[in-house]
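**Student:** sequence and computational prediction follow.
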Amino acid sequence: MDMTSRAMPAFLPDGSVQVPAFTLPVSDLVSEEAAAMQRLRATLPAFDAAGQEADIALRRAQINAYMAPQIERLRADFAVTVVRRQIGGIGVLDVTPADGGHDPERVLINLHGGAFCVGWDGVAMVEAIPIASLGRIRVVSVDYRMAPQHRHPAAVEDVAAVYRALLAQYDARHIGIYGGSAGGALTAQAAAWLVAHDLPQAGAIGILGAGAVPFGAGDSAYLAGYTDASFPPPPADGSTPIDITQGYFAGCDARDPGAWPGWHLDVLARFPPALILTGTRAMDLSPAIFTHSQLIKAGVRSSLIVGEGMGHCYHYQIGLPEGRDAIDAIIGFFREYLA
């Protein structure tokens, strides 16, 4: 192609880049199932993952209704027992294989996604069911406190309460913590919180669809805002972005090590082995890559999976080969590091 016949990016004196409009095709490296799903998006109404319904109870109900068909399919495909109970005074879903044949010495704590304001218990079910069934392991999903009623560190306090109670049954080296989206960020917060509050570190963690720095940090919030559109890009005029957490981090310093440990190598140095998962079209790509690099710099074993052509928390889509591969990788990671 003649270089003069196409639009070129404009590089501005402040380092910004004006990107010309372009059409992004379906990646030729994804499965046919993933390509078909991408094509299907043209016929479906957009799902606004950052929706700002004023009535938080209604918004939570909307998210659960959206997840309900997927949960029904998961319950049909994966035989699990789900028990609602309290552990350490905190409500949980206790999910195990229906035949009871799970590892008695190991447990995973799941922290659901939902921008620190929604996701219980629809997203929790989607995150817990396939892992418990395929991994033959007990998964305890935590009903942590959320915004707008609560602020950081309420959620991580609840996670720590469940963790402390589980220490009566399990060696810390045999407890794993994982979560997607907000739950991935909360997983990083939990790893920082445990050692800061004289609790033994978990055996391994999974930071999925997230990083240990804020979601809006880096390039990917801009790129995914236009190529995936599940979340809006930062405002072009430099104004304050929409707070998708409904004020959960209000008053919290953006570099607080308890909220965003990814900035602090001394905190990360006390992390256990970590699995970080993201996608090339995910708004969390930059936070995930940065967190992985920081963990390596801090001397921590970190594994990074970046799904080609995949969006935010693509491991939820277990019907796609890429989603199933991600679930298998998560299970394999915890089997290795909780041994």
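**Tutor:** Okay, I see it. Numbers count the residues shown, from 1 in each chain.
**Student:** drop to CA atoms for contacts and neighbour counts, all remaining ones
**Tutor:** Fine.
**Student:** in the stretch 1-150 of the chain, where is pLDDT below threshold?
**Tutor:** 1-5, 45-53 (pLDDT under 70).
**Student:** would you map the helices across it?
**Tutor:** 32-40, 56-77, 122-135 (DSSP state H, counting those that start in this stretch).
**Student:** so which of those gets nearest residue 174?
**Tutor:** Across these, residue 174 has its closest neighbour in helix 122-135 (14.0 Å, CA to CA).
**Student:** name the residues of the closest one that are buried.
**Tutor:** 122-133, 135 (16 or more other CA atoms under 10 Å).
**Student:** also stretch 115-123?
**Tutor:** When burial is assessed from 16+ other CA under 10 Å, stretch 115-123 yields the following buried residues: 115-123.
**Student:** dump the helices of the stretch 1-150 of the chain into TSV; add distance to residue 20 as well.
**Tutor:** Listed next are the helices of the stretch 1-150 of the chain as TSV, based on distance: least, CA to CA, whole Å:
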stretch	distance to residue 20
helix 32-40	23
helix 56-77	35
helix 122-135	36
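**Student:** list the contacts of the residue nearest to residue 128 when sequence neighbours are not counted.
**Tutor:** Sequence neighbours aside, residue 139 is the residue nearest to residue 128 in space, at 6.2 Å (criterion: CA to CA, 6 or more residues apart in numbering). By CA atoms under 8 Å, 6 or more residues apart in numbering, residue 139 lies in contact with 94-96, 107-110, 128, 131-132.
**Student:** top of those residues by neighbour count?
**Tutor:** Counting neighbours by other CA atoms under 10 Å, the top entry in the contacts of residue 139 is residue 110, with 29 neighbours.
**Student:** and the gap between that residue and residue 21?
**Tutor:** 40 Å (CA to CA, to the nearest Å).
**Student:** would you map the strands across the stretch 151-300 of the chain?
**Tutor:** Taking DSSP state E, counting those that start in this stretch as the test, the strands found in the stretch 151-300 of the chain are 175-180, 204-208, 274-279.
**Student:** take these and write them to TSV, including mean pLDDT.
**Tutor:** TSV is the format used below for the strands of the stretch 151-300 of the chain (pLDDT from 0 to 100):
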stretch	mean pLDDT
strand 175-180	98
strand 204-208	98
strand 274-279	98
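**Student:** quick one: closest of the ones you listed to residue 12.
**Tutor:** Nearest to residue 12 among the strands of the stretch 151-300 of the chain is strand 274-279; the distance by CA to CA comes to 28.3 Å.
**Student:** keeping just the C-alphas, turn that closest one into PDB.
**Tutor:** The C-alpha coordinates for strand 274-279 follow below in PDB (Å, rounded to 0.1, in the frame of the first residue of the first chain):
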ATOM      1  CA  ALA A 274       0.600 -15.600  41.100                       C
ATOM      2  CA  LEU A 275      -1.300 -16.400  37.900                       C
ATOM      3  CA  ILE A 276      -2.400 -13.300  36.000                       C
ATOM      4  CA  LEU A 277      -4.900 -13.600  33.100                       C
ATOM      5  CA  THR A 278      -6.100 -11.000  30.600                       C
ATOM      6  CA  GLY A 279      -6.900 -10.600  27.000                       C
END
